[in-house]
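Enquirer: Sequence unavailable; structure follows:
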């Protein structure tokens, strides 16, 4: 049960980091979107 929770947290962290990077890039370079 603990391993499943850890996998969920890791996947959630990866998705959140990806969204943060994408939105940060879109804010820094809005002319490319």
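Expert: Done, it's in. For clarity, every value in this text was computed on a predicted model and none was experimentally measured.
Enquirer: CA only for contacts and neighbour counts going forward, please
Expert: OK.
Enquirer: mean confidence score for stretch 6-18?
Expert: Stretch 6-18 carries an average pLDDT of 97.
Enquirer: From residue 18, how far out is residue 11?
Expert: 11 Å (CA to CA, to the nearest Å).
Enquirer: Name the nearest residue to residue 33, sequence neighbours excluded.
Expert: Excluding its sequence neighbours, the residue lying closest to residue 33 (CA to CA, 6 or more residues apart in numbering) is residue 26, at 7.1 Å.
Enquirer: ok, the one you found - how many residues close by?
Expert: Residue 26 has 13 neighbouring residues, counting by other CA atoms under 10 Å.
Enquirer: any idea which helix or strand carries it?
Expert: Residue 26 is located in helix 2-28, with elements delineated by DSSP states H and E.
Enquirer: centre of the chain versus that helix, how much separation?
Expert: Remark: helix 2-28 is offset 3 Å from the chain centroid, using CA atoms, centre = their mean, to the nearest Å.
Enquirer: sorry, back to before: pLDDT at the residue nearest to residue 33, what is it?
Expert: Per-residue pLDDT puts residue 26 at 94.
Enquirer: how near is it to residue 13?
Expert: As judged by CA to CA, residue 26 and residue 13 stand 20 Å apart.
Enquirer: Residue 21 now?
Expert: Applying CA to CA to residue 21 and residue 13 gives a distance of 12 Å.
Enquirer: Residue 3 now?
Expert: Separation of residue 3 from residue 13 (CA to CA): 15 Å.
Enquirer: out of these two, which sits in the more crowded spot?
Expert: Using other CA under 10 Å, the more surrounded residue of residue 3 and residue 13 is residue 13, with 12 against 8.
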